[in-house]
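S.K.: Could you work out the structure for the sequence below:
(one chain, ligands or ions: 1)
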Amino acid sequence: MRAAIFSGPGAVEAGDRPDPVIVESTDAVVRVVLGCVCGSDLWYYRGESPHAAGSIGHEFIGVVEQAGAEVRGIRVGDLVVAPFIYSDMSCPHCLNGSTISCPAGGNFGNGTIDGGQGEAVRVPLAGSTLVPVPGSGHPDAMLRSLLALSDVMSTGHHAAAVAGVKKGDTVAVVGDGAVGLCAVLAARRLGAERIIALSRHPGRQQVAREFGATDIVAARGDEAVQAVLELTGGIGADAALECVGTEQSAATAFAAARPGSTVGIVGVPHGQVPFAQTFFRNVGWRGGPAPARIYIPELLGDVLDGAINPGLVFDYETDLEHVADAYRAMDERRAIKSLVRVGTV
Ligand SMILES: [Zn+2]
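M.R.: Predicted structure coming up:
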């Protein structure tokens, strides 16, 4: 089959990988319909984090082509959403809501396990991992939003959920990448009344507004904090969502959060938490990799109802043979998020 192959920093190209087959009786083979490039794929692409040579890409939707004898809950022909990791959903960590820590689980597109940027994927623990999509004939815009549940929308939701966003809240979102934009949408979905998005890019500001941002702050650092304080009568936000992962963005989120609130962190940390400063303001933080498998069922309902449309974050599209362009467009910040169209439902 054809698939994106990572062979080193700056080098992701379409190439050949063996056709996936059922190895364990709990496996399924899924024919990929849509895949995409994640902000975290860019760390490997830029050489900022190591990645094994081989398969890459951990977000996809597709159609079940084969299912092993012990696979329950999904059937051949089902359209399915794959969370970005696979998990058994039965171990103490999965049952406690932390699927990322599942000892039986693992990552798609890690070099060895098939990636979502390919024609097909062998999915381990398929019955507990894949979420079937009810109905048929979903329009393309809905398929794009279903793809967003694989990681980016689940991650944005995680930021809002762990920060305790609730009805009537004022929320500050730090980061205008695809995750930050989805965090805006997630905050609106949870009932936030006022959502302050920090963004300096007109195209991203527009998506933020469509997703529910009521205020845009085009500043950074201390200036952005001052702007949030001014917008909140000097109090600060009821919740701040950190969707970048740099020391500066974390500092901005902590300073924009009101005393006694919680910062939701989903940007992979590159830097330190301002420990003493947060202590004396009783500001806490929660976060980490999203348990996407746990969030997908509830978010899926809202996508199918048309209540949320996270697929709007995909503003660049290509096919598998041009996957290198999908990476370049994001690396050069021409695209918020690149979609890779692989097949049809
Ligand atoms: Zn588990």
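
S.K.: quick one, strands of the stretch 101-250 of the chain?
M.R.: 106-107, 120-123, 131-132, 170-174, 194-198, 215-217, 237-242 (DSSP state E, counting those that start in this stretch).

S.K.: Buried deepest among those, which one?
M.R.: strand 170-174 (a mean of 32; mean count of other CB atoms under 10 Å). In this view, the C-beta of every residue, glycine as well, is placed from N, C-alpha and C.

S.K.: For it, give the mean pLDDT please.
M.R.: If you average the pLDDT over strand 170-174, you get 98.

S.K.: any idea how far it is from the chain center?
M.R.: Distance of strand 170-174 from the chain centroid (CA atoms, centre = their mean, to the nearest Å) equals 18 Å.

S.K.: Pull up the pairing partners for that strand, direction included.
M.R.: Sheet pairing of strand 170-174 (DSSP bridges) gives strand 194-198 (parallel), strand 237-242 (parallel).

S.K.: Figure out which of the strands of the stretch 101-250 of the chain is closest to the ion.
M.R.: Closest of the strands of the stretch 101-250 of the chain to the ion is strand 106-107, at 10.7 Å (criterion: CB to the ion).

S.K.: Strand partners (parallel or antiparallel) of the helix or strand harbouring residue 12?
M.R.: Using DSSP states H and E, residue 12 maps to strand 11-16. Here strand 11-16 is paired, per DSSP bridges, with strand 2-8 (antiparallel).

S.K.: how far out from the middle of the chain is the partner strand?
M.R.: 21 Å.

S.K.: show me what contacts the residue lying closest to residue 104 once chain neighbours are set aside?
M.R.: Leaving aside its sequence neighbours, residue 104 sits nearest to residue 88 (CB to CB, 6 or more residues apart in numbering; 4.4 Å). Residue 88 makes contacts with 94, 102, 104, 105, 125, 128, as judged by CB atoms under 8 Å, 6 or more residues apart in numbering.

S.K.: Contact partners for the residue of the stretch 201-345 of the chain found nearest the ion?
M.R.: Residue nearest to the ion within the stretch 201-345 of the chain: residue 293 (9.5 Å; CB to the ion). By CB under 8 Å, 6+ apart, the contact set of residue 293 is 83, 85, 87, 89, 99, 128, 129, 131.

S.K.: hmm, back to that, show me what the mean pLDDT comes to for the strand holding residue 12.
M.R.: 98.

S.K.: count of neighbours near residue 209?
M.R.: Neighbourhood size, residue 209 [other CB atoms under 10 Å]: 16.

S.K.: Could I get the contacting residues of the closest residue to it other than its chain neighbours?
M.R.: Using CB to CB, 6+ apart and skipping residues adjacent in sequence, the residue nearest residue 209 is residue 216, 7.3 Å away. Taking CB under 8 Å, 6+ apart, we find residue 216 in contact with 196, 197, 198, 199, 205, 208, 209.

S.K.: coming back round to it: mind putting the strands paired with strand 170-174 into TSV with mean pLDDT?
M.R.: Shown next, in TSV, are these (pLDDT from 0 to 100):
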stretch	mean pLDDT
strand 194-198	98
strand 237-242	98
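
S.K.: So for the residue of the stretch 51-200 of the chain found nearest the ion, what's the nearest residue that isn't a sequence neighbour?
M.R.: Proximity of the stretch 51-200 of the chain to the ion (CB to the ion) peaks at residue 102, 2.8 Å away. Spatial nearest neighbour of residue 102, chain neighbours left out: residue 87 (3.8 Å); criterion: CB to CB, 6+ apart.

S.K.: re the thing from before, which parts of the strand holding residue 12 count as buried, going by neighbours?
M.R.: 12, 14 (16 or more other CB atoms under 10 Å).

S.K.: cool, stretch 135-147 as well?
M.R.: Quick answer for stretch 135-147 (16+ other CB under 10 Å): 138, 142, 143, 144, 145, 146, 147.

S.K.: So of these, which two are at opposite extremes in space?
M.R.: Within the buried residues of stretch 135-147, 138 and 147 form the most distant pair, 11.2 Å apart (CB to CB).

S.K.: circling back to that earlier point, what distance separates the very next helix or strand once past the strand holding residue 12 from the centre of its chain?
M.R.: Of the helices and strands lying after strand 11-16 in sequence (DSSP H and E), the nearest is strand 28-36. How far strand 28-36 lies from its chain's middle: 17 Å, per CA atoms, centre = their mean.
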